[in-house]
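>>> Okay, predicted coordinates and the sequence, questions at the end:
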Amino acid sequence: MPLKERVAGIDLMLKLIELAAEKHFRVYFFGAKEEVVTKVVEHFKKTVS
């Protein structure tokens, strides 16, 4: 089945994080310095409920 439109990576990531919060799934962030990951996690804890 072909995609209806192009999906940007950041849009997909945000939607998946929202879905994970709704379903009480854990999310793992990696690939940056520990300080950066810590700030990202803090940001999503504040903005996604």
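Structure's in. What do you need?

>>> tell me which element Ala20 falls in.
Ala20 belongs to helix 9-23 when elements are defined using DSSP states H and E.

>>> Any chance you could list what contacts that helix?
Here helix 9-23 makes contact (CB atoms under 8 Å, 6 or more residues apart in numbering) with 25-27, 44, 48-49. From N, CA and C alone the C-beta is placed, and that goes for glycine too.

>>> could you dump these to TSV with distance to Glu18, neighbour count and secondary structure?
Below are the contacts of helix 9-23 laid out as TSV (distance: CB to CB, whole Å; neighbours: other CB atoms under 10 Å; DSSP: H, G, I helix; E, B strand; the rest coil):
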residue	distance to Glu18	neighbour count	secondary structure
Phe25	11	10	coil
Arg26	14	5	coil
Val27	10	13	coil
Phe44	9	17	helix
Val48	6	14	coil
Ser49	9	8	coil
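
>>> Most widely separated two among these?
Arg26 and Ser49 (15.5 Å; CB to CB).

>>> and Glu35, how many neighbours?
8 (other CB atoms under 10 Å).
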